[in-house]
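[1] test case, fold it:
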Amino acid sequence: MSQLRKLWDAHPNLISWAVLAVGMVVIVLVAARNVGFQAGQWAALIAATIALAGLCVWIISWEDGDEGGEQAVPKDQG
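    Residues are numbered from 1 along each chain as shown. Purely as a prediction, here's the structure:
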């Protein structure tokens, strides 16, 4: 368990991306199982889903940068 904690502390966004991508791909596979996609279409759909998961984690991580040391922006004095 200690190794998982170290990995999470070192790369939280990467781990979040992996977990979210796996969950989203499972949902897509279940939802579209009877659509009749061909192999190339499945590959494109899964790749787009993984990219979307990465984009989601990246956008969510924007908030993480503001928590630590938010500095006040000085107003114009003039």
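[2] for the chain, which residues score under the pLDDT cut-off?
    Residues of the chain that meet the criterion pLDDT under 70 lie in 1, 65-78.
[3] nearest residue to the middle of it?
    Computing the C-alpha centroid of the chain and ranking residues by Cα atoms, centre = their mean puts V57 first, at 2.9 Å.
[4] what's in contact with the longest helix that the chain contains?
    For the chain, the helix with the greatest residue count under DSSP state H is helix 39-61. Identification of contacts with helix 39-61 by Cβ atoms under 8 Å, 6 or more residues apart in numbering yields 13, 16-17, 20-21, 24-25, 28, 32, 37. Just so you know, the C-beta spots here come from the backbone N, C-alpha and C atoms, and that holds for glycine as well.
[5] what residues sit buried inside that helix?
    By 16 or more other Cβ atoms under 10 Å, the buried positions in helix 39-61 come out as 45, 49-50, 53-54, 57.
[6] show me which of the contacts of helix 39-61 are buried.
    Buried among the contacts of helix 39-61 (16+ other Cβ under 10 Å): 16-17, 20-21, 24-25, 28.
[7] ok, so of those residues, who is nearest W62?
    S16 (13.2 Å; Cβ to Cβ).
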